[in-house]
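Asks: pasting the structure only:
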């Protein structure tokens, strides 16, 4: 699927100096699915920050030498990024660092402010110069401004939370503390845990805690500021907790989060199996095999198979070597049945009635290609099942969903889509069944139902900024 | 698993000039699992060869510019390599090219000669200088020598087949033809097909035919020389066919080949499902969940689940971003439960009796770690099932199996291994059940039963060659 | 010699769109001697800025593709940098760009503010966050702040000049204009010219005008703001002209500027020949050959030879391939007479009494090595002549002179230095003879006489900022 | 000038293990002017060779890590290459290594065989496969063939010298010895020396001995094989000495060799000064300044000035940052007086009658541009003087001179050339004055007089080999 999450954040704090850069490296590896555009680590060395950030995957940006050069430390923060606001340029790599006479800060942010434009305008009129196009810099300015009025970084953060609006799960490192912060709605996940040797670890998802051998303790509460000190103490500030209705993003459950994570108490793999079961109840069909689209459709396919009793099968092989540099086939090559990313296992499909389970339909082009592939491999019937409701609306809280113009479901009925993708039948997860993904807690399903908790304004600033060469189309010269 | 295949080969020939470099690029992408060390493409341009080869994955070695620079052509050969003989150096990248007054050749070879040392000695005593440590160069010398005695390249290849011994599936391009060659035993796979627009395509596995939209025609026969001309004609020379007993490598079915390939008539995914079923019959157990070790254990796990009736589950998540540059955790970090490559889904495993299916046990260290991981995630029992017999012997035909010293099964009984890896029970595929993987054809199972079709001699030449810096340990200087 | 200039600046403006990126590339190549650490070009495309900047030499940072991608434009600014303040990090690469609702700016700056610390403190207390350690960012903030009070960018620049103190020659590009600005003292050079096809070109030195085929028009006056518009008009604002005594840096004449430049009316090569003549008058000696230390001592050596009548000779060869990546010999290797950078021509030196002319002595180690090299090559006498007075004081205006601690002349008499370097005699240019380098205009000779035109304060902020990994020594980890 | 030398060779042998890789690195730096295309070092470690070679300059190919990885050793050979035969491809990088059961060899070769084609044909018909297009591989085959007939590597080399014809100065390392070999005509230079700590050093030019602190001992004799052992002994085999008339390349004296080298007893700088003096006698003129074209015309310019009494001046500045990646100005830009590589010093030239001294005229385009540059800078007269006779013929011994078609002097009289380049007068060094460059020894002046010591045949094999992508023009695809 082509929908991207904004970011993943990570933090670690230990009473003793340790190789926290390396621990953060492993944590970011586990969060890589949340952002593949850039990444970075900042560690503290007695008040001096050392950082390494660049465009690229964690494995490309950090060499062994890079990690070895970073000093042993008691605090570190890390970030993986996919840009929803701000461009794909080096300057936008996070964690963002602030060097100011009132103290140093490093910020790693997942989410999207909805009043960024208004705040930027005001800051610029007071003399501020922005160096990035990221709303994280706006947060840095607001916190710095509040810090000038008050001595305490916690107070500054708390006061900043009165001003900034939207989705933000953040890890903020000052010269002496690390803070884990989650917006009052709790849009994006954030949790923390502890390793056997006493290092506290904060991460967007619990899979990153497991990656570094830390035991999960709990999720950060919506509106909470959790302050970790190097002496091992933790303080929770909850003045913003409970001030807003919970709006945890349901798309984390459906697609973003790793199946091995547990978010706000919900085991993701199980939630998706449940969605598959609900899908089977809502849209049953007679068939011979249930096939999940790798990798994101596999969990729901198992649920569908369990509920329906139709055998679960592996029907497609995903090429695991396709990298960023892959030269995609042209339309003509694809028409000629060039199957590089996904290839059907004909021996499984031939002569069968197939239920094909995927987690979403955005433009419909991928689904059409998958259905065709199944038929070419000999499927006698292809029944498409989608473990999410139809996408109808944009997201303003950090998910990069295509504009409405490109959302097939915004312009066509389910029957029309079924015909367009060439399936024998098509069924989406009913919107009321989203609750099987999050039985106990309220959630934001704005991309499906168009209801948003905060006021939103389009981001119209992008063209104010210079475009780096790598982003530009070649332009002929006179 | 840590066992590596030698190589994958690819060839394409068309009556009209086409972008065969790009077609070969896609073919190599589909064969990448057969060799990740180096790769290369050579295309013909009216008798001039243009080549691009280097160490690295296909996606790294070939940029869009590289492909765009290669001329449209009527013939191309490609190769992906993992070195079983010869070092990991640029000079060993294939296809190997020969420029000789009798004509040009480009050779792409999968397999391993068993009389390479003897042939090299003889050639050197006649004045030959070897520039690589690869046995493919030996083949090139033999063919060139034969070509000096006879006018025809086909005759030279045929006569070379009287001299070279061992495993070889090859694609050889001369200035006018492409030949697909398979040794008389048929150790390594090789097949061909045709695209809708008339391009013949040769590949190690049928998945590479599908990758480029070609329809599978048939496997090359053991001992066959199939000669393709640019006029579209195909000639089969079969003077070596049937001269030896078929010895197709059974480990292709078990592990190497992609599940979506069909080799010598056997659909690989189905063969592995069958092995899983046989395993369930041979080693049944009461349990709550069957979990396959991703990715190579998944197919057999489905078979085990089907036969046993125990539900198939996804119990581990494999990090798909782990790249060549990944900095592996230290032993201490692994002891601290750092789970980066594979992470268990606790909600699935907790409180369950688990059947864990993998495709092999080499040293036992990986299995021990997996069993521990299951227990830490809450499994009450862990029953290890292996969809192959125990490894007891080296392979001389192109598979990089650890020396006997490191093969746990060569030194320990099944019960001992079970205890060493900490499982509650352990079962291997019985050696007599290998036939479920290849019901119709004879096969080589030398790594399991120690029976080899040809005389073998150890490769003791490696230290004759200079070691490139990248391969050496740092040595202190006086 | 190991003294470094801060920077070189370049700008171009044309009524028609042209490939000004390429023109700027050539201009920066001609200014490369003024800064080898980083470089950058920003071009305007109808109000959008396109930039390319990085660490490295012009030839390394800009590929043909990079230049081709930059759009045809009517305005461009460029910069080469050696850091005197601020670290060698990507963020400090210039031109610095400001994106602000009041308008865009790109600044290229040569020089050094002397009240930077004070200004930064004040700006930070008003909420500013600095992203670089360069004083150019301070200038950007001051101009932006003034611009908020006034509509006109020229007024903002003029008011900023009331606030900033020290040395600055700048090219500032707004969305509609380019400004060439020189501080009221005129510390650093700046001039402009015009190409045959009507492009105005601004550059630190006239050699960069010649490099792009532009005819020199005149130097920017101390304190002048020269405003170029794309309609071809030029306006001079002179409200700061004549408000301060001229303090043109005499070390530009002695060392920094290229011999083919003409600065403030002074042809540099001729000035250095004159210094060589004055040196011969002040410190005559009987000898057989005058040898200049390549490349910077050659001009004065010719003057010394002309005045003294002693033949000028080429006595040393400089290896022209020594690049940034050169692995310097160890002390032991140097003691063993390893001569890679400079090698004597023994046939010239053997049996001769040599006058060796260099342009400065900083620590004395280079001079000692040169004298030894001459003796080893057979010189019977070595008379060292230096075409500048002894360095006694630091520079606060953009020249990277070693701290006083390392200046040999600050701690030793001429006789002592002569003995330390092993010469038979030693003579410096008398300080009163500096006027031969700048007969008509006043100059700053602070590094020789300790007299500075402005109040100065040490830069103590550097450690406030995080250190990039590339700058750090490896630190062992616990 | 655009004429290129073939190569530079280097060798070192020491009784004790030392960091000879680094010593060789410094030696190659000093020989870089002899070849800028590729370079390489091979060191011996108790019979195992370790090598590092690649396309590029010494400073680019060898990082500190590369050198550190090479083991301490008692023998090393190095090479810098500019291809006169063979293409610019990785495979052609030297030293060439041979791994053969009769023993290992590493060959570094400067020169050009004149019977390479004939030898290759014969070798191929005996079964040889060539992997490079370099004639050095031919030498390797011949030596290896002879070695099979005889036990001794020295005998094999000696017998090979009966077979190969043309120019060759070589350093050959076997597992136990290093041999310095010079062809019987002595076309290319080769000498050796010794460091204070007992390391023998062999180099193409004496400047490389000085670079590593070695004292010059003597030149290798034409036809000599000088055998160095690690026990410190040296043996000279002279069976080929004196069998041919000496034919030392006079163009080494004129242009190739570094001015600080002494070749066959001739100090190069002095030889060029002498040529300048002879030029002044042969072609006197009334003028105000003698200006040498940097860098190669400077030595002769000094001689011209000394003889004529006209003052020597520095009249042009060469940009020392122009690197391999420099994007050259277009013709239109050059017409617009874009002066990046060379820029005149107008203050020196204006109003003067100038004698411009260069070392050769090949096509005449550079000379025309230089004359125009002088006039544009205000010269009232420009008298061109060339310190070599006119080029009339190709070189077959390792110098890359343009084909006769492009040699202006092959088609035009001196008067015509003078008019074509726009000079007021033009004078070449009379061919009979070449003797001032080599008073005591015979020399080859084939490029001037067309007389060659050996039979020559054009190299017509180049198109037999595949072209690497980097060398090809982009070709559109169907």
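Replies: Received, thanks. Small disclaimer: the values here were computed from a predicted structure and weren't measured.
Asks: only C-alpha atoms for contact and neighbour calcs from this point on.
Replies: OK.
Asks: close to chain B, is stretch A:327-342?
Replies: Yes. Contact of stretch A:327-342 with chain B (C-alpha under 8 Å from any C-alpha of the partner chain) involves A:327, A:336-340.
Asks: now the residues you listed as JSON lines including neighbour count?
Replies: Shown next, in JSON lines, are those (neighbours: other C-alpha atoms under 10 Å in any protein chain shown):
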{"residue": "A:327", "neighbour count": "16"}
{"residue": "A:336", "neighbour count": "16"}
{"residue": "A:337", "neighbour count": "21"}
{"residue": "A:338", "neighbour count": "24"}
{"residue": "A:339", "neighbour count": "25"}
{"residue": "A:340", "neighbour count": "24"}
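Asks: Counting only strands, which of these make the cut?
Replies: Among the residues of stretch A:327-342 next to chain B, no member falls in strands (DSSP state E).
Asks: what's the closest of these to chain C?
Replies: Using C-alpha to the nearest C-alpha, residue A:327 comes nearest to chain C of the residues of stretch A:327-342 next to chain B, at 19.6 Å.
Asks: now, among the residues of stretch A:327-342 next to chain B, which is nearest to residue C:150?
Replies: Taking C-alpha to C-alpha as the measure, residue C:150 sits nearest to residue A:327 out of those, at 51.9 Å.
Asks: Not counting residues beside it along the chain, what's closest to residue A:120?
Replies: Nearest in space to residue A:120, with sequence neighbours left out and distances taken as C-alpha to C-alpha, 6 or more residues apart in numbering or on different chains, is residue A:138 at 6.5 Å.
Asks: and if you look at residue A:27?
Replies: Ranked by C-alpha to C-alpha, 6+ apart and with sequence neighbours excluded, the top spatial neighbour of residue A:27 is residue A:208, at 4.9 Å.
Asks: Can you measure across stretch A:256-275, start residue to end residue?
Replies: Its first and final residues considered, stretch A:256-275 spans 15 Å by C-alpha to C-alpha, to the nearest Å.
Asks: just how off-centre is it within its chain?
Replies: Distance, stretch centre to chain centre, for stretch A:256-275: 14 Å (C-alpha atoms, centre = their mean, to the nearest Å).
Asks: isn't there a helix covering the residue nearest to residue A:27?
Replies: Yes. Looking at residue A:208 with DSSP: H, G, I helix; E, B strand; the rest coil, it is inside a helix.
Asks: and it, how many neighbours does it have?
Replies: Number of residues near residue A:208 (other C-alpha atoms under 10 Å in any protein chain shown) recorded here: 35.
Asks: pLDDT score for it?
Replies: pLDDT for residue A:208: 97.
Asks: which phi and psi does residue A:36 have?
Replies: Residue A:36 adopts backbone torsions of phi -120, psi 10, taken as degrees, to the nearest 10.
Asks: Please apply the same query to the one 5 residues further on.
Replies: With angles defined as degrees, to the nearest 10, residue A:41 shows backbone torsions of phi -130, psi 140.
Asks: What's the local residue count around it?
Replies: Neighbour count of residue A:41, defined by other C-alpha under 10 Å: 31.
Asks: and whichever strand or helix holds the residue nearest to residue A:120, how far out from the chain's middle?
Replies: Residue A:138 belongs to helix A:135-149 when assigned by DSSP states H and E. From the chain centre to the centre of helix A:135-149 is a distance of 24 Å (C-alpha atoms, centre = their mean).
Asks: quick one: least confident helix or strand in chain A?
Replies: Within chain A, no helix or strand scores below strand A:467-468, which has a mean of 38 by mean pLDDT, DSSP states H and E.
Asks: where does the stretch 201-350 of chain A have low pLDDT?
Replies: Low-confidence segments of the stretch 201-350 of chain A, defined by pLDDT under 70, are located at A:324.
Asks: which residues in it form strands?
Replies: For the stretch 201-350 of chain A, strands defined by DSSP state E, counting those that start in this stretch occupy the ranges A:214-219, A:225-229, A:234-237, A:248-249, A:262-263, A:266-267, A:289-292, A:312-313, A:316-318, A:342-344.
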